[in-house]
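Enquirer: Sequence unavailable; structure follows:
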């Protein structure tokens, strides 16, 4: 199976490194552009007449404008553009600094071609074109209240009514719903309508945090507290003190971190790594998940006490297929807003285009609708968007079916696996138990093939984090076999 091609910008001052990265990324089906320094990279990203960049591979150590400086410059303009940083040093402090600056992931050089490709695949899981979500996010952030949530369906109104009740309390809120329904937008609206509106709103995607850095990023660390900790860093809890901390994909946190988070909520204080004393915090917690947390508890992935502490006020956001009446208003809103933010003439959808959009089963929910409207608005030269401007929509797509309950654990943008009779054998031919490493390798390869090479889905089904899956693939020397499993 070939990855969906996107345009990747490699930013590295070493010509050899650029050539190696280009070869690995192009073999994955992506197109590549390169920039030899940070200034050239920022100029390329700012060029509205050039094809959009979908992902950036950024070297941290460059002369002149370094990687961290590039991150600081591009993040305010492209807050959702995936940026994967390259570093020759695995020092935790340096990596923490990059992640705090807005990096989506990091790769320690030299990296295998498989590690590079899986990093890109993971970073692009929710974003298909640069500029799409940043444009929408800028609109969302400027109007974060409930009155700016577009739609009049009964399902949306019910969710808003519940969210308004949550806003006037200070208790933890757990927002459930599939990917792309706007859980963070609801969290921001709750914050803006609460008595903490004047305080910070800090959002953290727990599923994107490297396992070895989760504690430092959330709770902070002191200078010299571990090898590579050359500076003191405050954690996200301290950043959010006086306001709201939003933890997306909260069910992906390791259990030891769940225990520390529980203590932080119960005691109102955090313990930075290496600190001599606890640091008081004043945080209102809002969490979100696209998975069934009760099922995660039953699986043993989420602590029961942690779940009950988060789920004081449950709030479910319905998928787009449960609020079909909202699609015309959303499509019109996005078309006008995107044209405005991209300095283009105002555009609208024709009746035929609107009928096509309304008949499509949007597996990626509102995020996918945003992206489709963005593509149509930017690519079309006509003021009226027609069906031809939505070529990515299959007009033969079946009518929306009833939403699958979230407890099935299936993300809406996941590819349903093809049933197979293959099973992982525990025994050798002579009836003895196989080595554990062989069984694990067989299970991983079978899952990769079963789920069409979508490693994020494989990790979810195996009940492990994405970074853990990448590490086990490397430790078990499965890169070549995993590649064959994806394309077979």
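Expert: In hand now; what should we look at? Please read all numbers here as calculations on a predicted model, not as lab measurements. Numbering: from 1, shown residues only.
Enquirer: for the stretch 1-150 of the chain, what spans make up the strands?
Expert: 7-11, 31-35, 55-59, 83-87, 105-108 (DSSP state E, counting those that start in this stretch).
Enquirer: Surely residue 393 touches residue 357?
Expert: Yes. With contact defined as Cβ atoms under 8 Å, residue 393 reaches residue 357; the gap is 7.1 Å. Where you see a C-beta, it was placed from the backbone N, CA and C, and this is true even at glycine.
Enquirer: Sketch out the low-pLDDT regions of this structure for me.
Expert: Within the chain, the stretches with pLDDT under 70 are 1-5, 48, 89-95, 125-144, 225-230, 394-425, 429-431, 467, 483-488.
Enquirer: Neighbours of residue 372, how many?
Expert: Burial measure for residue 372: 23 neighbouring residues, criterion other Cβ atoms under 10 Å.
Enquirer: check contacts around it.
Expert: Residue 372 is in contact with 357, 390, 392, 393, counting by Cβ atoms under 8 Å, 6 or more residues apart in numbering.
Enquirer: Repeat that for residue 271.
Expert: Neighbouring residues of residue 271 by Cβ under 8 Å, 6+ apart: 219, 260, 263, 278, 279.
Enquirer: Enumerate every residue touching the third one.
Expert: Which is residue 263. Residues near residue 263 by Cβ under 8 Å, 6+ apart: residue 271.
Enquirer: and it, how far is that from residue 65?
Expert: According to Cβ to Cβ, to the nearest Å, residue 263 and residue 65 sit 41 Å apart.
Enquirer: Just name the most buried of the strands of the stretch 1-150 of the chain.
Expert: Ranked by mean neighbour count, the strands of the stretch 1-150 of the chain are led by strand 55-59 with a mean of 26 (mean count of other Cβ atoms under 10 Å).
Enquirer: strands paired with that one, and their directions?
Expert: Here strand 55-59 is paired, per DSSP bridges, with strand 7-11 (parallel), strand 83-87 (parallel).
Enquirer: From one end of stretch 211-231 to the other, what's the distance?
Expert: End-to-end distance for stretch 211-231: 20 Å, by Cα to Cα, to the nearest Å.
Enquirer: where's it relative to the chain centroid, distance-wise?
Expert: 23 Å (Cα atoms, centre = their mean, to the nearest Å).
Enquirer: do the same with stretch 441-458
Expert: Centre-to-centre, stretch 441-458 and its host chain are 20 Å apart (Cα atoms, centre = their mean).
Enquirer: cool, and stretch 43-51?
Expert: Its chain's C-alpha centre and that of stretch 43-51 lie 24 Å apart, by Cα atoms, centre = their mean.
Enquirer: Buried residues in that stretch, which are they?
Expert: Buried residues in stretch 43-51, counted by 16 or more other Cβ atoms under 10 Å: 44, 45.
Enquirer: number of nearby residues for residue 189?
Expert: As a burial measure, residue 189 scores 24 neighbours (other Cβ under 10 Å).
Enquirer: so it makes contact with residue 163?
Expert: Yes. Using Cβ under 8 Å, residue 189 is in contact with residue 163, at 6.4 Å.
Enquirer: which residues do the two both contact?
Expert: Shared contacts of residue 189 and residue 163, defined by Cβ under 8 Å, 6+ apart, are found at residue 146.
Enquirer: picking up where we left off before, now restrict the contacts of residue 372 to buried residues only.
Expert: 357, 390, 393.
Enquirer: Closest one of those residues to residue 298?
Expert: Distances from residue 298 to the buried ones among the contacts of residue 372, taken as Cβ to Cβ, are shortest for residue 393 (37.6 Å).
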